[in-house]
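[1] here is my input; please provide its structure:
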Amino acid sequence: MGMEQKQSLVFTNDKCIGCNKCINVCSCLGACVSHIVDGKTRIDVDGDRCVACGACFDACEHGAREFLDDTERFFEDLKKGERISLLLAPAFKANYPNEYESILGGLKQMGVNHIISVSFGADITTWGYIKYIQENNYLGGISQPCPAVVRYIESYLPELLPKLFPVQSPMMCAAIYARNEMKITDKLAFISPCIAKKMEIDDPNNKGIVSYNVTFDHLIKYVREHNISGPLQSDEIEYGLGSIYPMPGGLKENVYWLLGESVFIRQMEGEKHMYHYLENNAKNLAGGQTPYLFVDALNCSSGCIYGTGCEAEKAEKDDTLCALLRIREASKTDGRTGAWSKKLSPEKRLKNLNHQFRNLKLEDYLRKYTDRSASCVIKEPSAAEKEDIFRSMNKMTEEDRKINCSCCGYDTCVMMNKSIFNGFNQKENCIYYIKNEVEQQNEKAKQLVEQLENDKEVMSHQRQLIVDTIEDINHDFDGLYQSVDDMATGNERNAKESTEISADMVEVASFCEDLVTSMGKINEFLQELSENNDEVVSIASQTNLLALNASIEAARAGEAGKGFAVVAGEINNLATGSRETATRSNDSQQKIMSSIGDIIKETHKLHETVDAVSGKTQNLAAAATEIEASMSTILEATNGVKERLKALQDSEKETPQWENDRLCFPAS
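    I've put the predicted structure just below:
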């Protein structure tokens, strides 16, 4: 995020574009810090270095600067029932002559107790200045009603602290009078034309006597937003020429009115002009080498009537100044008496003023100051460090280092160098550096164009080589495409034949199963035949026995039994033949059964083989299907490569765009 934002009365919002105008008008080196945030230049405020002079508000066209005061807290405390009294700046009546009484009435209705004009405090300040000068022979001092001037001296010119009048400002004199003489114990809110008054209020040297800085700008916005109005009210204490303090030279005119114009008071105001004056004359002022009674110093060129806490549009017209001039004339009218009457001499007026404040103790209205310069130290780079910074900015010659264009916000390149060294800025904020960088890039671009022109022929030859190579690759891809296509076709045929073989194998397996079944039935028939043969053998044996018995009986019969003997012999022969035949049949049957057993065993083996072949054939068919899908993918990829090669070949055959286009570079 860049530099850490320090708490500051004046701060930068998100409208900042880093235009450097605020740096240009700022009197405090380092109060405005340029840095990079999210890739964009932004200028933030260092709260330790800022004196709240308000110059950046006038310079910024983008509304990027805002300020803090106590307006919101003031109204919140009023609503809570806090006892609060007002200290009213003299410029309030001049800025809002037709509204101020109704506004004060509205504030009264909200709970405000007393309303005390700081014009009365200004009369005390005038009395205090003259008294302190006369009692201490204090010549050549610097007035301190302006808190921005006080903070500048405390922070940047501490050698002038002894020359700052120790007499309190009109605001503080009014507050002290309210406490000591009027015995008001309420919290005190200053209705203020000045942002920087917040610093004076919060200064530990002022013991927290005032609690709120309520600026005109924020107060009026709140009043109008909330329609605050009431019965007409005014301040409670009569005052004199203190009402013209907001004018440039207001303090000076008060002193002239009391001491005469034989004394010389140096009037000085105007933001940057004023601080340059103090810086340039610091030695003479600190050494008491000036002929001035004192320097009447104000931050704002138009005085407090158009202070930093006033509405900006008020400064566009002289209405406020004219109203204040009328107040001044009313303070000097012939009908008045006392310290401010036109009829009296300056000596008589001063005598009357001293009489008016005879019961006041000057020491109650004095203050101290704080040397704050330690937090505002600006380091000086050594010669070597300064040289390194200039070189990093491409400022190599004395001429380069004295361009002093002020675009960075500083009057001189040397000041920019110092700011970079102290971390207040970066070299990228120097327009010369950026311009130099652009010129270098422009030169590099020109060289590149020349190099491109020189390389055209070489690149053209290289392009032709690329085209030729692509054609060769394309030709190879044609062969690859055809091979893959043939493989896909053959694989598709193999897949089909494998599927057919698998179906035939299923039929063979079925045949084997049927053959085994048939052989089993034959074996069963042979078993039955064996049993029948055994019965034939048994019958033949019995027939043999009967034939033998018949032969014996025929022999006993003699001649009469010869014919029966012949029959018995034939029967015996038939029985013997039948037994032999049955025996041979059994032997053949055993051989057949053995052969059938062997056939059944071989059939089982054949079935197992057929199953294995069928499984492998099915796997082959599945693999062929996968190969077919893979071949399709290969063909698609091959086609894609061919198309891209063709596109590349076509693009390389054409004249490249960068050869036809005219390269444009910024002028140096």
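[2] now do the helices in the stretch 101-250 of the chain.
    Secondary structure of the stretch 101-250 of the chain (DSSP state H, counting those that start in this stretch): helices located at 118-136, 147-156, 170-180, 197-202, 216-225, 250-259.
[3] quick one: the second one to chain centroid distance?
    Relative to its parent chain, helix 147-156 has a centroid offset of 37 Å by C-alpha atoms, centre = their mean, to the nearest Å.
[4] avg pLDDT for it?
    In this model, helix 147-156 has a mean pLDDT of 96.
[5] could you say what helices and strands that helix packs with?
    helix 197-202, helix 271-280 (3 or more C-beta pairs under 8 Å, 6 or more residues apart in numbering; DSSP states H and E). Heads up, the C-betas are built off the backbone N, CA and C, glycines and all.
[6] and of those, who's closest to Asn586?
    When the helices and strands packed on helix 147-156 are compared by C-beta to C-beta, helix 197-202 sits nearest Asn586, at 138.0 Å.
[7] mind giving me the packing neighbours of that closest one?
    helix 147-156, helix 170-180, strand 212-215.
[8] try 7 Å this time
    helix 147-156, strand 212-215 (3 or more C-beta pairs under 7 Å, 6 or more residues apart in numbering; DSSP states H and E).
[9] most tightly surrounded among those?
    Mean neighbours per residue, mean count of other C-beta atoms under 10 Å, is largest over the helices and strands packed on helix 197-202 for strand 212-215, with a mean of 26.
[10] distance from the chain centre to that strand, please.
    Between the centre of strand 212-215 and the centre of its host chain there is 35 Å, according to C-alpha atoms, centre = their mean.
[11] repeat for stretch 582-589
    What separates the centre of stretch 582-589 from the centre of its chain is 110 Å, taken as C-alpha atoms, centre = their mean.
[12] so how far is Ala565 from the residue lying farthest from the centre of the chain?
    Here the chain reaches farthest from its C-alpha mean at Glu559, the gap being 149.0 Å by C-alpha atoms, centre = their mean. Distance, Glu559 to Ala565, by C-beta to C-beta, to the nearest Å: 10 Å.
[13] kindly report the same for Asp504.
    Counting by C-beta to C-beta, the gap from Asp504 to Ala565 is 69 Å.
[14] what's the answer for Gly287, then?
    Taking C-beta to C-beta, one finds Gly287 at 190 Å from Ala565.
[15] do the same with Arg556
    Counting by C-beta to C-beta, the gap from Arg556 to Ala565 is 10 Å.
[16] related to what we said a few turns ago, higher neighbour count, Gly287 and Ala565?
    The neighbour comparison of Gly287 against Ala565 (other C-beta atoms under 10 Å) goes to Ala565, with 17 against 11.
[17] quick check, that one in a strand?
    No - secondary structure assignment (DSSP: H, G, I helix; E, B strand; the rest coil) places Ala565 in helix, not in a strand.
[18] contacting residues for it?
    Ala565 makes contact with 551, 554-555, according to C-beta atoms under 7 Å, 6 or more residues apart in numbering.
[19] how about the residue nearest to Lys187 when sequence neighbours are not counted, what does it touch?
    Leaving aside its sequence neighbours, Lys187 sits nearest to Ser211 (C-beta to C-beta, 6 or more residues apart in numbering; 4.3 Å). Counting by C-beta under 7 Å, 6+ apart, Ser211 touches 187-189.
[20] next: Glu507.
    If you count contacts by C-beta under 7 Å, 6+ apart, Glu507 has none.
[21] Asp411 now?
    Asp411 makes contact with Asn404 under the criterion C-beta under 7 Å, 6+ apart.
[22] assign it to helix, strand or coil.
    Here Asp411 is coil, with the state taken from three-state DSSP.
[23] for it, grab phi and psi.
    For Asp411, the backbone dihedrals (degrees, to the nearest 10) come out as phi -70, psi -30.
[24] what pLDDT does it get?
    90.
[25] follow-up on the earlier one: out of the helices of the stretch 101-250 of the chain, flag the one nearest Lys444.
    Lys444 lies closest, by C-beta to C-beta, to one member of the helices of the stretch 101-250 of the chain: helix 147-156, at 44.7 Å.
[26] which other residues reach that closest one?
    The contact list for helix 147-156, computed with C-beta under 7 Å, 6+ apart, reads 28, 49, 51-53, 144, 160-161, 164, 194, 196-197, 199-200, 275, 278, 297, 299, 369-373, 376.
[27] quick check: angle from that helix to helix 271-280?
    Inter-element angle recorded for helix 147-156 and helix 271-280: 40 degrees (by axes from the mean of the first three to the mean of the last three C-alpha atoms, to 10 degrees).
[28] put the alpha carbons of helix 147-156 into CSV.
    In CSV, the C-alpha atoms belonging to helix 147-156 read as follows (Å, rounded to 0.1, in the frame of the first residue of the first chain):
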residue,chain,number,x,y,z
PRO,A,147,-1.5,28.5,15.0
ALA,A,148,-0.1,27.5,11.6
VAL,A,149,2.7,30.1,12.0
VAL,A,150,3.4,28.8,15.5
ARG,A,151,3.6,25.2,14.3
TYR,A,152,5.9,26.1,11.4
ILE,A,153,8.3,27.9,13.8
GLU,A,154,8.1,25.0,16.3
SER,A,155,8.8,22.4,13.6
TYR,A,156,11.2,24.1,11.1
